[in-house]
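> quick one, fold the following:
(2 chains)
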Number of protein chains: 2
Amino acid sequence: MTTTATATKQFMTSEQLLNHWQGHRNLTRRIIETFPEKELFEFSVGGMRPFAKLAVELISIGGPALKGIVERNMEGYSEEGFAPKTKAEILERWDKETEVINHYFNQISEERFQETFNLFGQYEFPVFENILYFVDNEIHHRGQGYVYLRALGIEPPFFWERF
Amino acid sequence: MTTTATATKQFMTSEQLLNHWQGHRNLTRRIIETFPEKELFEFSVGGMRPFAKLAVELISIGGPALKGIVERNMEGYSEEGFAPKTKAEILERWDKETEVINHYFNQISEERFQETFNLFGQYEFPVFENILYFVDNEIHHRGQGYVYLRALGIEPPFFWERF
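Numbers count the residues shown, from 1 in each chain, chains lettered A, B, ... in the order given. Modelled structure (predicted):
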């Protein structure tokens, strides 16, 4: 069997990745919406964090991380400064971050995706790996949210519906 | 602000995606290992499938889907033909599929990733999107597995440890 060299083959463009991520963010937004107000902040399984806390984590990563990458700023990760008390506050901030993510993501060059950066002064990886981590971490935590909803007897949105 | 055109910017190479996926598969393997034998096949939350069933789904997607893509074969998705009764059987098959995935993935050209293919005669999307779906679906279901383990009082492996 002959295989062509894989090292230089493009898997996808940055525009495709951004679109993919925003599709996932749209589904996560729908999961936030699906939780009843009280359970969003209080319900969990196995001593894990309620989904509102997970949403705050996701909000504290995406936009701030991309800003750090673009500005080469290694300020630490922090969830402080955003302590929402209602679902509406979370959704409003979620939508603001959608624009922040688009704004900074589009300023990252092809070369930069391959450069190592010490994100939040703590996670030293190639930029593309850090970005994949943001998406993966969101899918991972949202998977928890699906279980919380099922445990509450609520049918979650389809995993494959994004926009 | 000036931004460069994103449509032609490479986000990552196919080799990087394969490595990323196999890292995730390695973590999922560790989750399978972490379940006690009985709970792997029987435990779940909220009426969802036990983790053994989710592992069979993942095994029935990755290798068979890539084979279908490479051979342009639109045979339907099926979980039949693999009904493991033990954790050891699942792990053995998991490792076999690692090789199957490497074998077929490396035969997909850069152009092919952008072509539309009717996977399993049912999912008509660009090949790169279908492959992203395999990885995302694995992270999503593994996230459920994390909740099952926590609900069982078992500490799961760290999400960021891949190899």
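> wasn't A:Phe159 part of a helix?
No: residue state for A:Phe159 (DSSP: H, G, I helix; E, B strand; the rest coil) corresponds to coil; a helix is not indicated.
> report how many residues lie close to it.
The burial metric for A:Phe159, expressed as a neighbour count using other CB atoms under 10 Å in any protein chain shown, is 16. C-beta: built from backbone N, CA, C; applies to glycine.
> how much space separates it from chain B?
In this view, A:Phe159 and chain B are 6 Å apart by CB to the nearest CB, to the nearest Å.
> quick check: mean pLDDT of stretch A:141-148?
Confidence for stretch A:141-148, expressed as mean pLDDT, is 97.
> and the contacts of it?
Surrounding stretch A:141-148, the residues in contact under the criterion CB atoms under 8 Å, 6 or more residues apart in numbering or on different chains are A:24, A:27-28, A:31, A:35, A:39, A:43-45, A:48, A:50-51, A:54, A:57-58, A:156, A:159, B:45-46, B:48, B:139-144, B:146-148.
> again, only this time at 7 Å
A:28, A:31, A:43-45, A:48, A:51, A:54, A:58, A:156, B:45-46, B:48, B:139-141, B:143-144, B:146-147 (CB atoms under 7 Å, 6 or more residues apart in numbering or on different chains).
> mind listing the strands for chain A?
A:10-13, A:116-119, A:123-126 (DSSP state E).
> including distance to chain B and mean neighbour count, could those go into JSON lines?
Formatted as JSON lines, these follow (distance: least, CB to the nearest CB, whole Å; neighbours: other CB atoms under 10 Å in any protein chain shown):
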{"stretch": "strand A:10-13", "distance to chain B": "4", "mean neighbour count": "22"}
{"stretch": "strand A:116-119", "distance to chain B": "12", "mean neighbour count": "16"}
{"stretch": "strand A:123-126", "distance to chain B": "8", "mean neighbour count": "14"}
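> about what we covered before: just the contacts of stretch A:141-148: which are in helices?
Here DSSP state H is the test, and the contacts of stretch A:141-148 give A:Thr28, A:Ile31, A:Phe51, A:Leu54, A:Leu58, B:Ile139, B:His140, B:His141, B:Gly143, B:Gln144, B:Tyr146, B:Val147 as lying in helices.
> neighbours of the nearest residue to the first one once chain neighbours are set aside, how many?
Distances taken as CB to CB, 6 or more residues apart in numbering or on different chains put A:Arg142 closest to A:Thr28, at 5.1 Å, once the chain neighbours are dropped. Each residue near A:Arg142 was counted by other CB under 10 Å, and the total is 25.
> before we move on, the earlier item: which one of the ones in helices among the contacts of stretch A:141-148 is nearest A:Thr86?
The shortest gap between A:Thr86 and any of these belongs to A:Phe51, at 13.6 Å (CB to CB).
> test my guess that the closest one contacts A:Leu40.
Yes: with contact defined as CB atoms under 7 Å, A:Phe51 reaches A:Leu40; the gap is 5.6 Å.
> what's the overlap in contacts for those two?
A:Ile32.
> so which of these two has more stuff around it?
Between A:Phe51 and A:Leu40, counting by other CB under 10 Å, A:Phe51 is the more crowded of the two (27 against 23).
> tell me the residues on chain A that lie near chain B, please.
Proximity of chain A to chain B is confined to A:3-4, A:6-17, A:20, A:45-48, A:106-107, A:109-110, A:113, A:128, A:132, A:136, A:139-141, A:143-144, A:146-147, A:150-151, A:159 under the rule CB under 7 Å from any CB of the partner chain.
> can you select the buried ones among these for me in PyMOL?
Isolation of the buried members of the residues of chain A next to chain B (16 or more other CB atoms under 10 Å in any protein chain shown) is achieved in PyMOL through the command below:
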select buried, chain A and resi 6+9+10+11+12+13+14+15+16+17+20+45+46+48+106+107+110+113+128+132+136+139+140+141+143+144+146+147+150+151+159
